[in-house]
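*Asks:* everything below, folded, please.
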Amino acid sequence: MNAENKYTINDARIGQTIKNARNNLGMTQADLSEVLDLTPAFIGHIERGSRSVSLITLVGIANTLNIPIELIFADKDLTTDEKIMTDFAQLIDGRPANTKKAVLDIVRTALQHLD
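*Replies:* Below you'll find the model as predicted:
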């Protein structure tokens, strides 16, 4: 890889990551845009990779979608295991401790019957 491409930001990958995270939470583009005080059209542009976006907006998106900012900037696709763990963490992040514990108990019980 040459030096000029070393730090290229892949807007399409960033957009796809944001779209996947938004869909995981069952949010629409309108829902996300409302929280961030942006237009749904702008969210669509971000997700399609047709618009660059500021770092502060990306941080707001990451916080709203409960995903680590480094996931947005990842330069490679996640493995299946990494995607599953990231999706699971996103789903339970911000939930009360008793809810997280209940989910963990459910998963443990399910695993006992699946193995």
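
*Asks:* hey, let's count contacts and neighbours off CA atoms from now on
*Replies:* Will do.

*Asks:* domain-wise, how is this protein divided?
*Replies:* 1-77, 78-115 (automatic domain parsing).

*Asks:* now those in a markdown table, with mean neighbour count?
*Replies:* Output for those, formatted as a markdown table (neighbours: other C-alpha atoms under 10 Å):
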| stretch | mean neighbour count |
| --- | --- |
| domain 1-77 | 15 |
| domain 78-115 | 12 |
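
*Asks:* could you tell me the least trusted of the ones you listed?
*Replies:* Note on the domains of the chain: lowest mean pLDDT is at domain 78-115, with a mean of 84.

*Asks:* next one: it to chain centre, how far?
*Replies:* Domain 78-115 has its C-alpha centroid displaced from the chain centroid by 16 Å (C-alpha atoms, centre = their mean, to the nearest Å).

*Asks:* now stretch 50-59
*Replies:* Relative to its chain's centre, stretch 50-59 lies at 14 Å (C-alpha atoms, centre = their mean).

*Asks:* what's the first-to-last distance across that stretch?
*Replies:* By C-alpha to C-alpha, to the nearest Å, the extent of stretch 50-59 from end to end equals 19 Å.

*Asks:* go on, stretch 71-88?
*Replies:* Span of stretch 71-88 from end to end, C-alpha to C-alpha: 14 Å.

*Asks:* who touches that stretch?
*Replies:* Stretch 71-88 has contacts (C-alpha atoms under 8 Å, 6 or more residues apart in numbering) with 9-10, 13-14, 17-18, 21, 24, 58, 62, 67.
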